[in-house]
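S.K.: Predicted coordinates and the sequence they were generated for:
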Number of protein chains: 2
Amino acid sequence: MNKILVVEDEESLRELISFNLTKAGFDVVDSENANDALIFIEEITPDLIILDIMMPGLKGTQFLQILKRSPKYSSIPVIIISARSSESDIVDGLELGADDYITKPFSMKVLIAKVKILLRRVSKKEDNVINYKGIYVDIDKYKVFIEDKEISLTYKEFELLLFFLKNPKKVFTRSQLLSNIWGYDAEIFTRTVDSHISSLRKKLEDKGELIKSLPKVGYVLE
Amino acid sequence: MNKILVVEDEESLRELISFNLTKAGFDVVDSENANDALIFIEEITPDLIILDIMMPGLKGTQFLQILKRSPKYSSIPVIIISARSSESDIVDGLELGADDYITKPFSMKVLIAKVKILLRRVSKKEDNVINYKGIYVDIDKYKVFIEDKEISLTYKEFELLLFFLKNPKKVFTRSQLLSNIWGYDAEIFTRTVDSHISSLRKKLEDKGELIKSLPKVGYVLE
DNA sequence: AAATTGTGTTACAATATTATCATAAAGATT
DNA sequence: AATCTTTATGATAATATTGTAACACAATTT
């Protein structure tokens, strides 16, 4: 999730922007002045900054200069918002190093679209994920969430869950599971699978009920 | 010198834009329709495109779609110019993949400032610094700082850290790390990785805890 | 040449995971 | 209902993995 820092002195506008960005799925931190903003940048290193250029105290322009001179943070994209819409204001803002300039009043949808564009180039890698009935698995990260709450699985539990998720509604015998996940060939009589199913079900909480057992056959993820 | 392709059907505006861009030091090619523009792109591969979205013949939107679907040219930045200024027009244009949207009538100075911004970002060579959760790496200088304090890493430790920083939160097996950092078929035991992880963790002090080990899987930078 | 540094290997203790087993629970069959 | 079969699950032992210090050797520096 991308982090956005909103620097705006006017409370109602700051809250409106924060609310809309949060709703759009961003992780928002806001600051009512540029001095605090500099501290936040150190702390959270945002992926993008929305900056009101006219503020009491440290001016937006000064803030932008400081930011753009810092090798550490100069690459963070900045969108300026400003009530001033004259040609020279816009050109000045952009020449200071801002990546976009939006004049007040502005549309939240447009702001969000512009935020997305600027972030598009930064985070282009797509995730390898599976989402099935409230079970969310990020395969590359080895992470599992049930209804947005992360749970921790062991290797075998993870592999087992992943196998079911890749083959939902298909019934597997214990030997099939053993050969696919454990790599065993022989038709061994063992309760090992049962045992792992049991602990997986418990960790999946109510989603555990999605793993059904079919007597005399095996297991399915419904 | 940067090459800019201007796609605009209205002759007077096309000439005005071309004239101003040329005066600003750009190498301009113009096209009065989108079909021709596609040919120019093949021939000259411009660094940036200025596109009127409403044109007879092949529409600007269609042109943009074709462009953005082409892996070869999808990264060329596009500035849309349009008489339509409604919120939905702007959002649609941006979502199609444009990098900016300017409504007619517009200021030439602003257009040029925006062109410069987009070119600045493209021409800026890929980041040679990484800043992640208090770990700051200057790749060219081979320097690593944790919370502004410089630490000294060996070559392998540095490469290992860099690899993790470039792929944060992704889990890698020891073999993956070996092949990515040590080379193709380095005849090396996987426990070597553990060893290096261990020393890297120690040098990273409290940040060392960001490198997590996943039993039976590998390591991740959280 | 000696000292230092970087790297890969090994050994062993500390951890974590997994398989197995015993027993309970559930379901089927008569 | 009684009996038999199958599944669930917790405890525990067995196994596998990981962390790290120690060491050897090569490369580099002094």
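M.R.: Received it, and whenever you're ready, just let me know what you need.
S.K.: can you tell me the average pLDDT over the longest helix seen in chain A?
M.R.: Under DSSP state H, the helix in chain A containing the largest number of residues is helix A:108-122. Per-residue pLDDT over helix A:108-122 has a mean of 89.
S.K.: Quick check: next helix or strand after it?
M.R.: Next in sequence after helix A:108-122, counting helices and strands by DSSP states H and E, comes strand A:129-132.
S.K.: Quick check: residues of chain A near DNA strand C?
M.R.: Contacts of chain A with DNA strand C, taken as CB under 7 Å from any atom of the strand, map to A:Thr154, A:Tyr155, A:Lys156, A:Glu157, A:Trp182, A:Thr190, A:Arg191, A:Thr192, A:Ser195, A:His196, A:Pro215. C-beta coordinates here come from the backbone N, C-alpha and C atoms, glycine included.
S.K.: same for DNA strand D: which of those are within range?
M.R.: Counting by CB under 7 Å from any atom of the strand, A:Arg191, A:Ser195, A:Pro215 from those sit close to DNA strand D.
S.K.: Quickly find the element holding the second one.
M.R.: In this structure, A:Ser195 is located in helix A:192-203 according to DSSP H and E.
S.K.: Okay, buried residues for that helix please.
M.R.: Across helix A:192-203, burial judged by 16 or more other CB atoms under 10 Å in any protein chain shown covers A:Val193, A:His196, A:Ile197, A:Leu200, A:Arg201, A:Lys203.
S.K.: And the helices in chain A?
M.R.: Under DSSP H, chain A gives helices at A:11-23, A:34-44, A:60-69, A:87-95, A:108-122, A:155-166, A:174-177, A:192-203.
S.K.: Make CSV out of the ones you listed and add distance to chain B.
M.R.: Listed next are those as CSV, based on distance: least, CB to the nearest CB, whole Å:
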stretch, distance to chain B
helix A:11-23, 13
helix A:34-44, 9
helix A:60-69, 11
helix A:87-95, 4
helix A:108-122, 4
helix A:155-166, 4
helix A:174-177, 17
helix A:192-203, 13
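S.K.: Switch the ones you listed over to TSV; also include distance to B:Leu111.
M.R.: Shown next, in TSV, are the helices of chain A (distance: least, CB to CB, whole Å):
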stretch	distance to B:Leu111
helix A:11-23	27
helix A:34-44	29
helix A:60-69	21
helix A:87-95	10
helix A:108-122	17
helix A:155-166	50
helix A:174-177	63
helix A:192-203	57
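S.K.: Quick one, which of those helices gets closest to A:Ile53.
M.R.: Comparison of those against A:Ile53 by CB to CB identifies helix A:60-69 as nearest, at 3.6 Å.
S.K.: I'd like the average pLDDT over the closest one.
M.R.: 91.
S.K.: now do stretch A:190-206
M.R.: Rounded mean pLDDT across stretch A:190-206 is 92.
S.K.: what's that stretch in contact with?
M.R.: Outside stretch A:190-206, the residues that touch it by CB atoms under 8 Å, 6 or more residues apart in numbering or on different chains are A:135, A:146, A:151-153, A:156-157, A:160-161, A:174, A:177-178, A:182, A:208-211, A:213, A:219.
S.K.: Out of those residues, which end up buried?
M.R.: A:135, A:146, A:153, A:156-157, A:160-161, A:174, A:177-178, A:182, A:210-211, A:219.
S.K.: out of these, what pair is the most spread apart?
M.R.: A:Ile146 and A:Leu178 (25.6 Å).
S.K.: what's in contact with stretch A:58-75?
M.R.: So stretch A:58-75 is contacted by A:7, A:33-35, A:37-38, A:41, A:45, A:49, A:51-54, A:76, A:78, A:80, A:82, A:92-93, A:96-98, B:124, B:127, B:129, B:131, B:136, B:138 (CB under 8 Å, 6+ apart).
S.K.: what packs against the longest helix of chain A?
M.R.: Secondary-structure packing of helix A:108-122 (3 or more CB pairs under 8 Å, 6 or more residues apart in numbering or on different chains; DSSP states H and E): helix A:11-23, strand A:48-52, strand A:78-82, strand A:100-103, helix B:87-95.
S.K.: mind redoing it with 10 Å?
M.R.: Helix A:108-122 is packed against helix A:11-23, strand A:48-52, strand A:78-82, strand A:100-103, helix B:87-95, strand B:100-103, helix B:108-123, with contacts defined by 3 or more CB pairs under 10 Å, 6 or more residues apart in numbering or on different chains; DSSP states H and E.
S.K.: one step back: give the ChimeraX command for selecting the buried subset of the contacts of stretch A:58-75.
M.R.: Listed next is the ChimeraX selection for buried residues among the contacts of stretch A:58-75, using 16+ other CB under 10 Å:
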select /A:7,33,34,37,38,41,45,49,51,52,53,54,76,78,80,82,92,93,96,97,98 /B:129,131,136,138
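S.K.: ok so, going back, can you pick out the most distant pair from the residues of chain A next to DNA strand C?
M.R.: Longest span within the residues of chain A next to DNA strand C, CB to CB: A:Tyr155 and A:Pro215, 28.3 Å.
S.K.: ok, how many other residues are close to A:Lys68?
M.R.: Using other CB atoms under 10 Å in any protein chain shown, A:Lys68 has 16 other residues around it.
S.K.: roughly how far apart are it and DNA strand C?
M.R.: Plainly put, A:Lys68 is 35 Å away from DNA strand C if you go by CB to the nearest atom of the strand, to the nearest Å.
S.K.: repeat for A:Met55
M.R.: 47 Å.
S.K.: residues in contact with that residue?
M.R.: By CB atoms under 10 Å, 6 or more residues apart in numbering or on different chains, the contact list for A:Met55 reads A:7-10, A:31-35, A:37, A:61-63.
S.K.: what does A:Gly57 give?
M.R.: Contacts of A:Gly57 by CB under 10 Å, 6+ apart are A:Asp9, A:Glu32, A:Asn33, A:Ala34, A:Asn35, A:Asp36, A:Phe63.
S.K.: distance of it from A:Glu8?
M.R.: 13 Å (CB to CB, to the nearest Å).
S.K.: what do those two both touch?
M.R.: In contact with both A:Gly57 and A:Glu8: A:Glu32, A:Asn33, using CB under 10 Å, 6+ apart.
S.K.: what about the residue lying closest to A:Ile139 once chain neighbours are set aside, how many neighbours?
M.R.: Nearest non-adjacent residue to A:Ile139, counting by CB to CB, 6 or more residues apart in numbering or on different chains: A:Asn128, 4.6 Å away. As a burial measure, A:Asn128 scores 11 neighbours (other CB under 10 Å).
S.K.: contacting residues for A:Asn128?
M.R.: A:Val137, A:Asp138, A:Ile139, A:Asp140, A:Lys141, B:Lys170.
S.K.: Any of those buried? List them.
M.R.: Buried among these by 16+ other CB under 10 Å: A:Val137, A:Asp138, A:Ile139, A:Lys141, B:Lys170.
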